[in-house]
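Undergrad: Below is the sequence, then the predicted model.
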Amino acid sequence: MQNRTQTRSIVEAGLLTAINVVLILASIYLPFLYFIGLFLWPMPIALIHLRHGFKYSILSVIATGSIVAFTVDPVTAVTFALIYGLLGLAMGYCIKNRKSVLLTIIIMSAVVFISTAVIVKISGLILGQDIIKTMTEMIDESVKMAKQMYGAIGVPQEQIDSVLNRVIPNADIIKMIFPSTMIIYSIVTSLISYLFAHKIFNRFGYNVERIKPLSEWYVSVKLATAIFAIVLISFLLVLMKVNNSAMYYFNAQILFNFVFSINGIAAVDYYFIKKNMKGTLRFLIILMIATSPLSNLLFIIGVLDYIFNYRGLDYMRIRR
C-alpha cells in the first residue's frame, strides 16, 4: 500500500512538473503569455506540496530548474527556482496549514522580496552584471531613441525634454526607488498569484480562503501607525544628515503613497457599488483615474477615508 502511494505521488509530481516546464517554455517563447505565466509558474509546485508534501515539491523545483537550464539557460532556471519555486513552496505551505489570507500574502511577499534580492546579488557577484545599471542603461538608450524619433518629425527639443522628464525617471531616481519598487512588486506578485490559487485549487477540492472584495479593503490603525513611523524616522534621518537618508525618505514616501492610494481605490469602488455600478464599468473608471493626472486624487481620498473612517470598516475605531 505504501509503495502504491509513493508511486502515485511520484507519477503525479512528475506530471505536474512536466506541466510547469511547458508553462515556463510557453511563457518564454510566446511573449504575450509571459505575464500570465509569471503568476501561474508557482501553481504546480504549490499543488504538489498540498497533495504530496514538501519532499516532492522541492524535488519538482529541482527537476524543473534542471530541465529549464538545459532547454533555455541557467540564469532563467536559477530565477525560476529562487523566486517562483520558493513562492510555490511558501504558497503550498500556507494553504496546507490554513494560514490566514493576510499572513499568507505577507509570507509570500517576503519570499519574493528576499529571493529577488538574492538574484540581484548573484547577478552582480557571479555574472558581473549589475541589473540596476543594465536597466538604467536600457532606459537611457530608449530615451535617446525617442528624442531622435520625435526630433526627426519636427517636435521642438524643449517639448520633447519636458514630456520625457515627466514620464521617464532618470537613472538616479531609478536607483533610489528600487527598494520600494521591489516591495510593491513582491506584494502585487503574491496577491495575483494567490488569486489564481483561489480559482484553481478550489477546483481540486482545497478550501482556499477567499480574499475580501476590493471595496472592503482598508488601512488598519496598526498598518497606518507603522507607515507613519517609517516616514517619520526616515525624515529624522534626513534632518540628521545620515548617509543615504534621502533614499530612505524617498522610498518611505512611495510606500506611504502606495498604501493610501490603494485605500482610495477601495473607497471609490465601495461608493460605486453603493450606486449599483457594474463591475466592468467600475474597473474602467478606476483604471482611467489611476493612470491619469487625477491619480493623486485617489491618494487624497484614501487619506480622508482613513482619517474619518467613512466606510466604517475598521471596527476598532468609532465611525465619524
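TA: Thanks, I have it.
Undergrad: do you know how far residue 181 is from residue 283?
TA: According to C-beta to C-beta, to the nearest Å, residue 181 and residue 283 sit 24 Å apart. (Each C-beta comes from the backbone N, C-alpha and C, glycine too.)
Undergrad: Let me fix that, I meant to ask about residue 235.
TA: Where residue 283 is concerned, residue 235 sits at a distance of 36 Å (C-beta to C-beta).
Undergrad: for residue 223, same thing?
TA: Applying C-beta to C-beta to residue 223 and residue 283 gives a distance of 25 Å.
Undergrad: lowest-pLDDT helix or strand in the protein?
TA: helix 157-167 (a mean of 61; mean pLDDT, DSSP states H and E).
Undergrad: How much space separates residue 20 from residue 227?
TA: The gap separating residue 20 from residue 227 is 37 Å, by C-beta to C-beta.
Undergrad: Can you list the residue ranges for helices in the stretch 51-200 of the chain?
TA: 54-71, 74-79, 86-96, 101-125, 131-152, 157-167, 171-201 (DSSP state H, counting those that start in this stretch).
Undergrad: Please spell out which residues along the longest one are buried.
TA: Buried residues in helix 171-201, counted by 16 or more other C-beta atoms under 10 Å: 174, 176-180, 182-184, 186-187, 189-190, 193-194, 196-198, 200-201.
Undergrad: and the next element down the chain from it?
TA: Once the chain leaves helix 171-201, the next helix or strand it forms, by DSSP states H and E, is helix 221-239.
Undergrad: hmm, who's touching that following helix?
TA: 219, 245-246, 248-249, 251-253, 255-256, 259, 306, 314, 316-317 (C-beta atoms under 8 Å, 6 or more residues apart in numbering).
Undergrad: Just the buried subset of these, please.
TA: Buried by 16+ other C-beta under 10 Å: 219, 245, 248-249, 251-253, 255-256, 259, 306, 314, out of the contacts of helix 221-239.
Undergrad: so which two of those are the farthest from each other?
TA: Taking C-beta to C-beta as the measure, those span a maximum distance of 32.3 Å, between 245 and 314.
Undergrad: hey, C-alpha coordinates of stretch 51-58 in PDB?
TA: What follows is stretch 51-58 as a C-alpha-only set of coordinates in PDB (Å, rounded to 0.1, in the frame of the first residue of the first chain):
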ATOM      1  CA  ARG A  51      -1.100  16.800  -2.300                       C
ATOM      2  CA  HIS A  52       2.200  15.100  -1.600                       C
ATOM      3  CA  GLY A  53       4.200  17.200   0.800                       C
ATOM      4  CA  PHE A  54       7.400  19.100   0.900                       C
ATOM      5  CA  LYS A  55       9.800  16.400  -0.300                       C
ATOM      6  CA  TYR A  56       8.100  16.000  -3.700                       C
ATOM      7  CA  SER A  57       7.500  19.700  -4.200                       C
ATOM      8  CA  ILE A  58      11.200  20.500  -3.600                       C
END
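Undergrad: Distance from the chain centre to it, please.
TA: The chain centre lies 25 Å from the centre of stretch 51-58; the measure is C-alpha atoms, centre = their mean, to the nearest Å.
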